[in-house]
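Student: Sequence and predicted structure, then a few things I'm wondering about:
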Amino acid sequence: MPSSILWAVDIFGRVYTLSTVGQYWELCKDAQLEFKRVSAVKQCCWGIACDHQVYTNVFSGDVPIRYQEETYENQRWNPVGGFCEKLLPSDRWQWSDVSGLKHQQLDSFTLPSPHWEWESDWYVDENIGGEPTEKGGWTYAIDFPSTYTKDKRWNSCVRRRRWIRYRRYKSRDVWAKIVSQDDPDKLPDPFNDISIGGWEITDEPLGRLSVWAVSLQGRVWYRENVCHHNPEGSMWSSITTPGEVVQISCGPYDLLWATLWEGQAIVREGIDRNNPQGISWSIVESPSSENGIMHVSVGVDVVWCVTKDRKVWFRRGVNSHNPCGTSWIEMIGEMMMVTVGLNNQVWGIGCDDSAIYFRQGVTPSELSGKTWKAIVSVRESDRSQTGSSTSLLSAGCFFTDDIQNQTNAIIHGHADTSSDTELPSVPVNLANTPSTAETQENVAVDPLDSGQGEVTVASTSNENANLEMHKPTNPNPSAELQWTNIDLKEAQKHPVLSVSSFAETSSLSSLGMFSVGAEEQYGADDHPLWAWVSGGGCLVDLHSPLKWFTVPSGLSSSVQSLSLSITPAQTAAWRKQIFQQLSERTKRELENFRHYEQAIEQSVWVKTGTLQWWRNWKPHKWMDVRVALEQFTGSDGIRDSILFIYYMYYEEKKYIHVFLNEVTIIVEVLNEAKHSFALYTPERTRQRWPIRLAATTEQEMHDWLSLLNMSCCESRRIQGPPSHHAIWSVTCKGDIFVSEPSPELEDGPQMMPCDQMFWRQVGGHLRLVECNNRGIVWGIGYDHTAWVYTGGYGGGFIQGLASSADNIYTQSDVKCVYIYENQRWNPVTGYSSRGLPTDRYMWSDASGLQECTKLNTKPPSPQWTWVSDWYIDFNTSGGTDREGWQYAADFPASYHGHKTMKDFVRRRCWARKCKIVTNGPWLEVPPVTLWDISIIPSSDADGEEAVALWAISDKGDVLCRLGVTQQNPAGTSWLHVGTDQPFISISVGAFYQVWAIARDGSAFYRGSVSPKKPAGDCWYHIPSPQKQKLKQVSVGRTSVFVLDKNGNLWYRQGITPSYPQGSTWDHVSNNIRKMSVGPLDQVWVIADKVQGSHSLSCGTVCHRSGVQPMEPKGLSWDYGIGVSAGGITLPKSCVSTYPWECGNRKVPSCLAGQLSKAGIYLQEIDLCSSALGSFYKLI
Amino acid sequence: MTDDKDVLRDVWFGRIPTCFTLYQDEITEREAEPYYLLLPRISYLTLVTDKVKKHFQKVMRQEEVSEIWFEYEGTPLKWHYPIGLLFDLHASNTALPWSITVHFKNFPEKDLLHCHSKDVIEAHFMASIKEADALKHKSQVINEMQKKDHKQLWMGLQNDKFEQFWAINRKLMEYPPEDSGFRYIPFRIYQATTERPFIQKLFRPIASGGQMHTLGDLLKDVCPSAINHEDGEQKTQVMIHGIEPMLETPIQWLSEHMSYPDNFLHISIIPRPTD
């Protein structure tokens, strides 16, 4: 489960963070500044400090934020000097941008703010569209502007080359002041509130954020161009509002609410990907006429608010189409403010105790949650001691300052009578602040309480009269206790606009009064007092095990449990002694007495039950059967089990049985209607007819799966974690399987027949998995989270003894389900959802064969839950127009993103995110999310030495992991390897050969990678095969294969130790979808259009036969593994990737028989053949 | 051996080689051969001695046979104590096999409970589990279980089915993640030298300060004589399952991994052999 953090500001302006896996509030690293407001998202936090300035804190990652500046140098040929700087008067500038319209010399580029630095000097880019250019990087054309080629021809009259230089954002993990370069007259006045969000509005540009701020004068500002490459944004633009705004809240998507001084809320309408600023405001009245809205916070489709009487309200009926919602519901509890975080979770600050409360039970079906639960985590600094007096002192200083700045939020938190107050000026608000119940309580225990009591009463009745009396008291009832420690003069050092006019005596008296009880109370109840909290970057869901609600005990096991290093408990002497003594005891008491009879005879143990079975005669359907699992101990002492299935065949009792030691794999089958699973044996794999069983409940199915798995492992004497030589794989569904290479197959000349490998499941959910022969295993989830294997086993449904107790952690994954909206053009109405009778469903899957409406499409299995609403996917290949439509002449065809005259149909892709929460032996490797990963297949290094692991981040950065060893498989940190463009594929072969593919389809070889120089020194651009864009590379021992976007497989000729880049590409095969080369140069592919038994099939796993040291390209394809056909296309939506499910539900029955086990191996082999290789290493 | 799971297995599969001989005064028709058996440490004498009973009944006159009972060096062996405990308490540091005398007459009413059928053992066993869970989880776990789960615990023990037993028992060994251990540790301390059958008190696995209580803490608290020695010399042995865990061992860990199937940690305190 990826961890995330909650941000909060205490009443002293100190910023703290609390991790979802942590137990302590940690002081923000850059603790110099004091803050009024913070607003956080996953990648950064914006805040308003007490100097009224806006700061941004971009969290560090191992990947730098880089921005590529570019400029072009243009030259024209003339007969005298050849190409030279002299251009024609009508020509472009000698230095220009790509269009030639803008003059930009190298020295005209300056850093946008002090937070940037140059990475290197300018250099020439020697790459044109994936093709390397001649030295010097010149590209030639007949004239400006024209198409440029890398070759100089007789008619090349002009040439140009591209200069690039990178600047790097350096102020990470610190508060970077947003330096305004705007015209000083137009500068916003001091800021008062800030809210960031909107990252789900659009992916372009990468990491785009909406940053909204409110100035003290009540104006709303929008920060332009905030995105990953420009974390500070460029300028503030003013947004007109119908009134003076106090506070603003921006959700992850298109929801934006703000509150007005008058107590109404305003809602921004018209926010979409083309217009993230929105168009207009509409007004929503406060839930109660007397008490206006004081604070509002929004999520994806929820709105919470706090009114001036501190009551909390939930807005009903809010969604994208109706951002205003329908009505308010009052919630229990009184809060100073609330914040809505990711996943619509809610936090609030209690107005009585200034503690942070978490709203428990917020689920998609119950957005308003159930109860408030106080977060009792203590601050890291309080673990040994409570707050020191110095901090109190500075706190006091701060607070004087704060009073003059904070005109609304905190003060309003207690301003239960301020609705009477017309003037939004500071003193009036302050006057209202102390009239809280707490004040009275505190006073009551005080011997001097009589005076104060009167004042309090008076303040509620006539606040103006008591203005002065209350001025110095802190708006926060608990906070005011801190004042007792403060020298009055200290307070005087910070004269406040109107506070300075106060009578000193009054402040003295009110201060002095609290001195008695205050100390005691502070000592007894020293929880942090909070002023602000932001959950915008904090991801909590139903399954998150939070440790926030118990006071941390001295036990640090929970903290340790998240570290992969061996915990002290495991190395403790007592533990060793127990292990040792137990084995001594066994020796002593059993060694010489093994011939004795056992007291208890081993008997047959039977588990029986009722399941449903997919019967094996036509018509195929589910039928109720009795099932029995009999366990017995064979004469050789090995326990084996037989599964019996008793059924009725035309009134006749019959049964089938399976020896569990013959079972090769048991898999859960994705099915909406049934909790079913399938058992395979080699024989049944050949028949393509597994035993399919279904249980009535998920729990029952998991009980059976767990038991059957355990019995299979037992009969094969497999126990404990997988060995270092284990073969890891994932199915197209994301399930993880592992197989042990068995000893008798090691010495065979042929590879193990795939249908005989035994696979056992390991908990977790991954998109791909990579391993090497040192037991280092990494995986990437569908949500691009990186995971490292912890050394455990079991997890998921495998519970109890078949699962290790340690090293199993919660894991989650998120993926999208895609459906398509199809339309046909007709002359009357234009495009409409009325198609021809022969057309596909108007709402369908990608193939158009299956009807998929928004309503009837369910998550892939009951384990998945929706975590978003349907949204238009603009990132479909082929491109889309502004509304997400893709056009084509007819269904099915290739689609393009703009309408032409010939286009009679169009479609658009809708996506919806769903999430699985499970557990398994995996730990997240934060913070970088990954696209591809490769581990050096084998290293002869001993356990201490680092193992080469390279990865591509989901942004396309190339990364090299440092410190990966057998002891510490997670490694220590990422080393960013600079590239001039995003990359898509990487592979590390033997001898530290690192090859990679860039997004423009070009191949690169990394030079000089060695254990001493893990990141190598430079990239060598390898020209692609003629006119082909590459998409995947895989490196074996000496072989390098690449795959291009047209499905051609190429082999790199001429690779020698002295010339590792090789010389030319040799074509090997076409119609290849994916490939993988093992460490002994074995080649595995998934091929399309393989001649099957009935027709051309696609998605067949093939193995290249005849690969020999002298014949590295091999001779021919060994189609399929024991089966000649099988598999089906993997659609983009993972809804129907499971062959059996398709056989059952979606594919005409004549095809169903053809679906084979190859389907399940489809991705396993593909994604894990480097693992297969580690098996060969044993030979 | 690195996994705590292996401890469970070792504890479960602990066996004591035993030699059963018939008491000399028993009247037999012909001479009774001794009977050798591997007794499971975690089981109960009357549960696993059907074979012994059959063996000796063959040589005896039918009318002489009444309820079987066992004795070791003059001490009647309580069947309701697990076998391993009986061995540790009375016979550790002696030569193996363990020599047990079988009686069919003169049932020592004041020392032993009657055991007429396996149902009595089952009732005793389940009562112990329930008591233990009352201490650990306020009975919440055991009460949430179904009847068949209870049966599975018992059948697991009776048929020596480790997996069958632990499939259910692991639920009894869990605790809420926000707690660091059980509410109280179910334990019993037996001393060979005292008349008192055993010591049992409420003892929490975690100290108020948050640190884990150890075996040493437990003994210090409830049985100081076991570890306090005037001359500093260790005069006693603290035994669980035939081994002496270090006093630093966390009591919670012991409870999870070294409890008997009845969910109690049975700790024997015996005099250290002098040689």
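Tutor: Received the coordinates, thanks.

Student: For the rest of this, base every contact and every neighbour count on C-alpha atoms.
Tutor: OK.

Student: ok, residue B:133 touching residue B:141?
Tutor: Yes. Residue B:133 lies in contact with residue B:141 (Cα atoms under 8 Å); the separation is 6.9 Å.

Student: what sits in contact with each of those two?
Tutor: residue B:172 (Cα atoms under 8 Å, 6 or more residues apart in numbering or on different chains).

Student: Give me the more crowded residue out of those two.
Tutor: More neighbours surround residue B:133 than the other of residue B:133 and residue B:141, with 26 against 17 (other Cα atoms under 10 Å in any protein chain shown).

Student: ok, and does the helix or strand harbouring that one reach over to chain A?
Tutor: Taking DSSP states H and E as the definition, one finds residue B:133 inside helix B:118-137. No. Contact of helix B:118-137 with chain A (Cα under 8 Å from any Cα of the partner chain) is absent, the minimum separation being 14.1 Å.

Student: Beyond that helix, next helix or strand please.
Tutor: helix B:140-144.

Student: The helix or strand following that following helix packs against which elements?
Tutor: Counting by DSSP H and E, the element after helix B:140-144 in chain order, helix or strand, is helix B:147-158. Identification of packing neighbours for helix B:147-158 by 3 or more Cα pairs under 8 Å, 6 or more residues apart in numbering or on different chains; DSSP states H and E yields helix B:118-137, helix B:162-172.

Student: got JSON lines for those, with mean pLDDT and distance to residue A:997 too?
Tutor: JSON lines is the format used below for the helices and strands packed on helix B:147-158 (pLDDT from 0 to 100; distance: least, Cα to Cα, whole Å):
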{"stretch": "helix B:118-137", "mean pLDDT": "93", "distance to residue A:997": "58"}
{"stretch": "helix B:162-172", "mean pLDDT": "87", "distance to residue A:997": "50"}
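
Student: So which of those helices is nearest residue A:675?
Tutor: Proximity to residue A:675, assessed across the helices and strands packed on helix B:147-158 by Cα to Cα, is greatest for helix B:162-172 (21.5 Å).

Student: Run through who's touching that closest one.
Tutor: Taking Cα under 8 Å, 6+ apart as the rule, helix B:162-172 contacts A:800-801, B:9, B:12, B:133, B:141-142, B:149, B:152-157.

Student: which of those lies closest to residue B:183?
Tutor: After measuring these against residue B:183 - Cα to Cα - the closest member comes out as residue B:133, at 9.5 Å.

Student: Residue A:257 against residue A:264, yeah?
Tutor: No. If you go by Cα under 8 Å, residue A:257 and residue A:264 don't touch, sitting 10.4 Å apart.

Student: higher neighbour count, the two?
Tutor: Taking other Cα under 10 Å, residue A:257 and residue A:264 do not tie; residue A:257 has more neighbours (27 against 22).

Student: In a helix, that one, correct?
Tutor: No. Assessed with DSSP: H, G, I helix; E, B strand; the rest coil, residue A:257 is strand; it does not lie in a helix.

Student: In contact with residue B:187, which residues?
Tutor: With Cα under 8 Å, 6+ apart, residue B:187 has these contacts: B:200-201, B:255, B:264-267.

Student: did I read that right, residue A:987 in a strand?
Tutor: Yes. Residue A:987 forms part of a strand when assessed by three-state DSSP.

Student: For it, give the beta-bridge partners.
Tutor: Applying DSSP bridges to residue A:987 gives these bridge partners: residue A:995.

Student: what's the neighbour count on it?
Tutor: Going by other Cα under 10 Å, the residues that sit close to residue A:987 add up to 29.

Student: Low-confidence regions, the stretch 101-250 of chain B specifically.
Tutor: Confidence mapping of the stretch 101-250 of chain B against pLDDT under 70 gives the ranges B:228-233.

Student: for chain A, what are the nearby residues on chain B?
Tutor: Counting by Cα under 8 Å from any Cα, the residues of chain B that sit close to chain A are B:1, B:3-5, B:7, B:10, B:14-17, B:36-40, B:48-49, B:51, B:96, B:158-160, B:163, B:166-167, B:170, B:178, B:180, B:209-212, B:242-249.

Student: Restricted to strands, list those.
Tutor: The strands, defined by DSSP state E, take in B:15-17, B:36-40 from the residues of chain B next to chain A.
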